[in-house]
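Undergrad: just a sequence and a predicted model for now, questions to come.
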Amino acid sequence: MGRAAAGDTPADPDLVRRMRQGDESALELLYNRYGGLVYSLAMRIVGDPELAREVLQDTFLRSWDGRATYDPQRGRVAWWLMGIARNGAVDLLRSRTHQARLRERERLSADVPTNEKDTAEAFGLRRDVMHALRALPTAQRAAIELAYYSGMTQTEIARVLNEPLGTVKSRMREALDRLRGLLASSLERDVEGGRQS
Amino acid sequence: MTDDRDHPLDDLAMYALGTLAEAERPRIDAHLVACDECMQRLADYRGVVGVLPLALPVTPPPAAAWRTIQAVARSRRPRARRWQTALYAARWPAVTAALLAVVTWNIVLQRELAWYAHGPQVEALSRRPGRMVILKGAAVPAANARMFIAADGGHGHLAITGLTRLPKGRTYQVWFIRMQGPPIVGGAFDVDSRGRAWVSIDPPTKLEEVREVTVTEEPLPGSAAPTGATLLDGRLERVTGR
């Protein structure tokens, strides 16, 4: 996910450095690299192409406005972007009508997408993440997907799942611990790839 | 890690997923400051949460989105900072250019002032001169000059036109050629870019002994006797006033 410099391909932190100098072409490269991912995340959260586009635009404009405040110590550039996108999408979701939010919950799938096109396109870390999510018990996966994609509070999630709050919290932690274990080597490779940049 | 009961691990997971209640955050933040293990655990969780979107089917964004981003981003470029950067880069050339402009302007101004300082005196002398000498070009036909000597004979002015500027190390010299005895130096000068000069002259005490006035080109700092060709010459005439 963190892009290393390969040949003439600039690394993500280099792009942010160039953005700080007002280089619009760096923003365009970052957009070409992560625009699809940000839009997909926004679509997953808000479930509406127009709203997702709004989130997409807002995310990259926020990254442009906040390029001077990006701190590499707090994570990869991609995580930074995903964080902006996720928070923006959740804020948008929370501002929508209750009916729209209900529709969002109904859209919550029990399965990770497995269509052939996705599988064929999956590679590296992306493939590992998909495999790891599939390896989770359905209840754990549902818990973290609700937490991450629905923008609900912990209490709301407990109510939706009809489980005690403590159980929901434990389930989320267990899910993250499991993913951490399953993705440890993949994330390590990704970080090392980023360090080479 | 020590006993899990010492660490708010469930809350850390919620924190990383962004669903921890706002009211709970200060408590977790306070713990994180003092607990390296939990700080590391939170970083690990954040790493996992950060890659969750990779599992989503990728949907290409609409083409118009980038054009909107580009247009807005362009309008939000920090103009002041661009100006500051440009000014910072150009500071020394700008300072040098400004200094050169000031020095050049000062030189031109000094020359103009020197030139015009003579004007009123020459004008006054030309109205009531004691003596006037018209010098014509000898070797330089286009050149001519007028010398006005005060009635008391104590001072005078020479107004020259049509001479060329001299190279470095050379000067024009004014000579009073006497009927007897060696020539007397009346002054030295160079002309401006337009071939003009106004020069203060020190006439000899006995003007009646002067036969003519000449101008020659000499090496600096000037010669004791004319060595160059006579460029201008004119006879001394008595003027009785206008």
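TA: Cool, the structure landed. Numbering: from 1, shown residues only, chains lettered A, B, ... in the order given.
Undergrad: count the residues that sit near residue B:161.
TA: Other residues within reach of residue B:161, judged by other C-beta atoms under 10 Å in any protein chain shown, total 14. Heads up, the C-betas are built off the backbone N, CA and C, glycines and all.
Undergrad: tell me the phi and psi of it?
TA: phi -140, psi 160 (degrees, to the nearest 10).
Undergrad: also residue A:72?
TA: For residue A:72, the backbone dihedrals are phi -60, psi -20 (criterion: degrees, to the nearest 10).
Undergrad: list the contacts of it.
TA: Listed by C-beta atoms under 8 Å, 6 or more residues apart in numbering or on different chains, the contact partners of residue A:72 are residue A:13.
Undergrad: if I look at it, how far off is chain B?
TA: Applying C-beta to the nearest C-beta, to the nearest Å, one obtains 13 Å for the distance of residue A:72 from chain B.
Undergrad: per-residue confidence at that residue?
TA: Among the per-residue scores, residue A:72 holds a pLDDT of 74.
Undergrad: what are the contacting residues of the helix or strand encompassing residue B:33?
TA: Element membership for residue B:33, per DSSP states H and E: helix B:25-34. Residues from elsewhere that reach helix B:25-34, judged by C-beta under 8 Å, 6+ apart: B:7, B:8, B:11, B:12, B:15, B:20, B:38, B:39, B:42.
Undergrad: helices of chain A, start to end?
TA: A:12-20, A:24-46, A:49-65, A:77-95, A:98-107, A:116-121, A:124-135, A:138-145, A:154-161, A:165-195 (DSSP state H).
Undergrad: now the shortest one: mean pLDDT?
TA: Model confidence over helix A:116-121, given as mean pLDDT, is 41.
Undergrad: in chain B, which residue is closest to the centre?
TA: By C-alpha atoms, centre = their mean, the mean C-alpha position of chain B lies nearest to residue B:101, the distance being 2.1 Å.
Undergrad: so that residue: helix, strand or coil?
TA: Using DSSP: H, G, I helix; E, B strand; the rest coil, the three-state assignment for residue B:101 comes out as helix.
Undergrad: quick check: buried residues in stretch A:67-86?
TA: By neighbour count with 16 or more other C-beta atoms under 10 Å in any protein chain shown, stretch A:67-86 contains the buried residues A:67, A:70, A:75-86.
Undergrad: nearest to residue A:11, of those residues?
TA: When these are compared for distance to residue A:11, the smallest value, 8.6 Å, is given by residue A:77; criterion: C-beta to C-beta.
Undergrad: where does the residue lying closest to the closest one once chain neighbours are set aside land on pLDDT?
TA: Residue nearest to residue A:77 in three dimensions, not counting chain neighbours: residue A:12, with 3.6 Å by C-beta to C-beta, 6 or more residues apart in numbering or on different chains. Looking at residue A:12, its pLDDT reads 88.
Undergrad: next, the contact list for the residue nearest the centre of chain A, please.
TA: For chain A, the residue nearest the mean C-alpha position is residue A:82 (4.6 Å; C-alpha atoms, centre = their mean). Contacts of residue A:82 were listed using C-beta under 8 Å, 6+ apart, and they are A:37, A:38, A:41, B:50, B:53.
Undergrad: next: residue A:151.
TA: Residues A:45, A:89, A:90, A:91, A:93, A:94, B:18 are the ones in contact with residue A:151 under the rule C-beta under 8 Å, 6+ apart.
Undergrad: ok, residue B:96 next?
TA: Under the criterion of C-beta under 8 Å, 6+ apart, the contact list for residue B:96 is empty.
Undergrad: separation between it and residue B:77?
TA: Plainly put, residue B:96 is 29 Å away from residue B:77 if you go by C-beta to C-beta, to the nearest Å.
Undergrad: how about residue A:45?
TA: Applying C-beta to C-beta, the value for residue A:45 to residue B:77 is 30 Å.
Undergrad: quick one: the residue nearest to residue A:141 when sequence neighbours are not counted from residue A:145, how far?
TA: Counting by C-beta to C-beta, 6+ apart, residue A:141 lies nearest to residue A:133, which is 6.0 Å off, once chain neighbours are set aside. If you measure residue A:133 against residue A:145 using C-beta to C-beta, the figure is 9 Å.
Undergrad: one step back: farthest pair in the contacts of residue A:82?
TA: By the measure C-beta to C-beta, A:38 and B:50 form the most distant pair in the contacts of residue A:82, at 12.6 Å.
Undergrad: please indicate which of the contacts of residue A:151 are buried?
TA: Using 16+ other C-beta under 10 Å as the burial test, the contacts of residue A:151 include A:45, A:89, A:90, A:93 as buried.
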